[in-house]
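Q: Structure of the sequence below:
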Amino acid sequence: MNLCHLFDLSLTGRRDTVALEFQDRSYTFGELDSRSNRVAQLLVRKGMQPGDRLCVYLPNCVEMIDIYLACVKTGVIFVPINILYRDREISHIVADAEPREVISDPCWTEEAAALEDTRPQIFPDGDDAAGIIYTSGTTGPSKGAILSHNNFAANAVNLLACWKITSEDRLLLGLPLFHVHGLGNGLHCWLASGCRMRLLERFEYHKAADEFRAFRPTLFFGVPTIYVRLLGMGQGIAREIGAFMRLFVSGSAPLPAQVLEDFRALFGHTILERYGMSETLMNMSNPYEGERRPGTVGLPLPGVSVRLDEQTGEIYLRGPNVFSGYWRREEATRAAFVDGYFRTGDLATRSPDGYYTLSGRKSDLIISSGFNIYPREIEEFLQEQPEIAEAAVVGRSDAVRGEVPVAYVVVLAGFDAAGMRSRCREKLASFKVPKEFVEVEKLPRNAMGKIEKHRL
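A: Below you'll find the predicted structure:
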C-alpha cells in the first residue's frame, strides 16, 4: 500500500463530507481529491516522473495541500522548505535536493483548473520516498531525511489508534505544514481519520481564543511555546475551551513539567507529551488512558524498539517509522545507524515501569570535572522558580573544570542572581549550579519553538 490507499478512506469514502476550513471557506474531501487530481495531471504534463523532487516554499494554504496530495498520487517526492528560511538556507536545500521545480507562489496551481479530474495511473510502492524533510542543521548544513510512504503511514496509524483519533474529531491546526509535526501528524491524521480540520496560516496568540471558540475543536497539536502563550488566557475562557476539547498534544521541543501542571490547573486538561524527530516521526508517547507523567515522553509506540547506550544514555531506535537514510549522504547515513538502530543523539533515562525522560541532546551534554551534567535537569528547576519565565543551560569552556554550566534566563520581576544561585545550591549538586546567569529578552528558537542552543 501507499499513502493514497490510506487517504482514500476519506478522499473517496467520505467524498461529500466537509473536510477542511481555511480562511472562511470550506472544502469537502471530494473537492480536495478533485483539486489534487488536477494538480497531479499538471505535474505529469510538466514532465515530472516518480522519484523527481518538488521543492515547496509556501505558508499554510489549501494549495500546499493540493500539491502534497498530487505528489503522493504521482510518486513525486515532496520537499517542503521552512517559510522562515532565507536565500542562503533555501539555496542549500535546492542545490542538495536538485528538484525539477520550486514552487513559491500558490498561484502556481491555477493552470491546473482546466485539466482532467482523473488520478494519473501511477502506483508508488510503500517503500518509495514520499518526502525529504531537511533537518534544522544545528551542527552543520541541514541534511534531507528520506521518509517513505510506509514511514508516514505507520506513524498515522499508530497515532489514530493510540490517541483515539476518529472522524468525529475536530482538529485545529496552526502548525506549519513544512515540518513533520504539522505534516506527518496534523495533515496525515486528518486525512486518515476523516475528521474535520480548520487550518490556520499560522498560530497567532491574539486570535487563539476566537479560533477555539468559533471552531470548537476536540483536538489540538502544539509546541511548548504555544502552551506557554495559552497560559495567558483568562480562567473563564480557558475553562470554556477545556469543556469542548478532548486532547491537547505537545511535541517538537521538551515541555517543562511546570507548564503541564499550570495548564492542567487552568484548562482542566493534562497535555499529552510525545517524542519524535524529522528522521523518525513519532517514537514515544504518554498514554491516552493512563498516567501522563510530567517531564516524560512516555512509552515507545507500537512497533518501535528502543535501546539506551549503556555509557551515554543515548536513544537508539528501530521501527517502521524510522527513515532509510539521508538524501545523497551515504557516509552520514552509515554513521547514523548501529546494528540497524538509528542513533538519535538524544539522551534519556528509563524508569522501572518503562517511561522515558529526555535529558537533552548528546551534543548538549556538559562534562564538568568529570561529572556529566544534563542541562534539562537544571532548566526544569529554574523554570519552576516564579522569577524565571524561561531558561536554557549551555556549557562554557573552563580552564580548570573543562566546562561549566551557564544559564540564559528570561526573567520576571524580583529576579536576583545571587539569591537564585543560593537556591540552586540547596536543590542541585554543586557542580550543576550555573556559574553565571545571563539575562536575555528572549531565547533564540526555530520555527517549531525549539531553542537553538548553538546561538547562545
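Q: from memory R350 sits against R307, does it?
A: No. Contact criterion Cβ atoms under 8 Å: R350 and R307 do not qualify, at 10.2 Å. Quick note: C-beta positions are derived from backbone N, CA and C, even for glycine.
Q: in the sheet, who's paired with the closest residue to V18 other than its chain neighbours?
A: Leaving out its chain neighbours, the residue that sits closest to V18 by Cβ to Cβ, 6 or more residues apart in numbering is S26, at 5.2 Å. With DSSP bridges as the criterion, the beta-bridge partners of S26 are E21.
Q: Surely S26 touches L20?
A: Yes. Under the criterion of Cβ under 8 Å, S26 makes contact with L20 at 6.6 Å.
Q: Compare these two (neighbour count), which wins?
A: L20 (21 against 12; other Cβ atoms under 10 Å).
Q: Who are the contact partners of the more buried one?
A: 26-27, 32, 62, 65, 196-199 (Cβ atoms under 8 Å, 6 or more residues apart in numbering).
Q: What ranges does the stretch 1-150 of the chain have for its helices?
A: Using DSSP state H, counting those that start in this stretch, the helices found in the stretch 1-150 of the chain span residues 3-11, 29-45, 62-74, 87-97, 149-162.
Q: Check those for me and report the most buried one.
A: Counting by mean count of other Cβ atoms under 10 Å, helix 62-74 has the highest mean neighbour count of the helices of the stretch 1-150 of the chain, with a mean of 24.
Q: what's the angle from that helix to helix 29-45?
A: Between the axes of helix 62-74 and helix 29-45, defined by axes from the mean of the first three to the mean of the last three Cα atoms, to 10 degrees, the angle is 70 degrees.
Q: what's the average pLDDT for helix 62-74?
A: What helix 62-74 shows for mean pLDDT is 98.
Q: now the end-to-end length of stretch 39-57.
A: 16 Å (Cα to Cα, to the nearest Å).
Q: quick check: mean pLDDT across it?
A: 98.
Q: can you check stretch 388-407 too?
A: Mean predicted confidence for stretch 388-407 is 90.
Q: same check, this time on stretch 130-139
A: For stretch 130-139, the per-residue pLDDT averages 80.
Q: now stretch 420-437
A: pLDDT averaged over stretch 420-437 gives 93.
Q: Need the distance between the two termini of it.
A: End-to-end for stretch 420-437, by Cα to Cα: 9 Å.
Q: any residues touching that stretch, and which ones?
A: 368-369, 371, 373, 377-378, 381-382, 385, 387-388, 393, 396, 398, 401, 404-407, 409, 417.
Q: Output the lowest mean pLDDT helix or strand found in the protein.
A: strand 371-373 (a mean of 81; mean pLDDT, DSSP states H and E).
Q: for that one, the distance to its chain's centre please.
A: 29 Å (Cα atoms, centre = their mean, to the nearest Å).
Q: same thing with stretch 158-170?
A: That offset, for stretch 158-170, works out to 18 Å (Cα atoms, centre = their mean).
Q: Kindly export it (C-alpha atoms) in CSV.
A: The C-alpha coordinates for stretch 158-170 follow below in CSV (Å, rounded to 0.1, in the frame of the first residue of the first chain):
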residue,chain,number,x,y,z
ASN,A,158,-0.2,4.5,15.4
LEU,A,159,-1.4,7.9,16.3
LEU,A,160,-5.0,7.2,15.3
ALA,A,161,-5.0,4.1,17.5
CYS,A,162,-3.1,5.4,20.5
TRP,A,163,-4.7,8.8,20.6
LYS,A,164,-8.2,7.6,19.7
ILE,A,165,-8.5,10.0,16.7
THR,A,166,-11.7,9.4,14.7
SER,A,167,-13.9,11.0,12.1
GLU,A,168,-15.8,12.6,15.0
ASP,A,169,-12.9,14.8,16.0
ARG,A,170,-12.4,18.4,15.0
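Q: So the residue nearest in space to the middle of the chain, which state does it fall into?
A: Residue closest to the average C-alpha location in the chain (Cα atoms, centre = their mean): H181, at 3.2 Å. On the three-state scheme (DSSP: H, G, I helix; E, B strand; the rest coil), H181 is labelled helix.
Q: List the buried residues in stretch 411-420.
A: Applying a neighbour-count criterion of 16 or more other Cβ atoms under 10 Å, one finds 411, 415, 420 buried in stretch 411-420.
Q: Next step: those residues restricted to strands.
A: V411 (DSSP state E).
Q: Please produce TSV containing the buried residues of stretch 411-420, extended by distance to A238.
A: Converted to TSV, the buried residues of stretch 411-420 look like this (distance: Cβ to Cβ, whole Å):
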residue	distance to A238
V411	25
F415	27
M420	29
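Q: Which residue ranges make up each domain of the chain?
A: 3-356, 365-455 (automatic domain parsing).
Q: Just name the most buried of these.
A: domain 3-356 (a mean of 19).
Q: okay, and for this protein, where does confidence drop off?
A: 136-140 (pLDDT under 70).
Q: Okay, the residue of it most remote from its centre and E436: tell me how far apart.
A: Note on the chain: the largest C-alpha distance from the chain mean falls to V400, namely 39.1 Å (Cα atoms, centre = their mean). Distance, V400 to E436, using Cβ to Cβ, to the nearest Å: 15 Å.
Q: D346 and L317, how far apart?
A: 9 Å.
Q: cool, R170 as well?
A: 32 Å.
Q: I'd assumed V76 was in contact with M48.
A: Yes. With contacts counted by Cβ under 8 Å, M48 reaches V76, the gap being 5.2 Å.
Q: what sits in contact with each of those two?
A: 54, 100.
Q: what bridges to R343?
A: Going by DSSP bridges, R343 forms beta bridges with Y316.
Q: how much space between it and P217?
A: From R343 to P217 the distance is 37 Å (Cβ to Cβ).
Q: try G325
A: From G325 to P217 the distance is 37 Å (Cβ to Cβ).
Q: likewise L159?
A: 16 Å.
Q: ok, now Q385?
A: From Q385 to P217 the distance is 33 Å (Cβ to Cβ).
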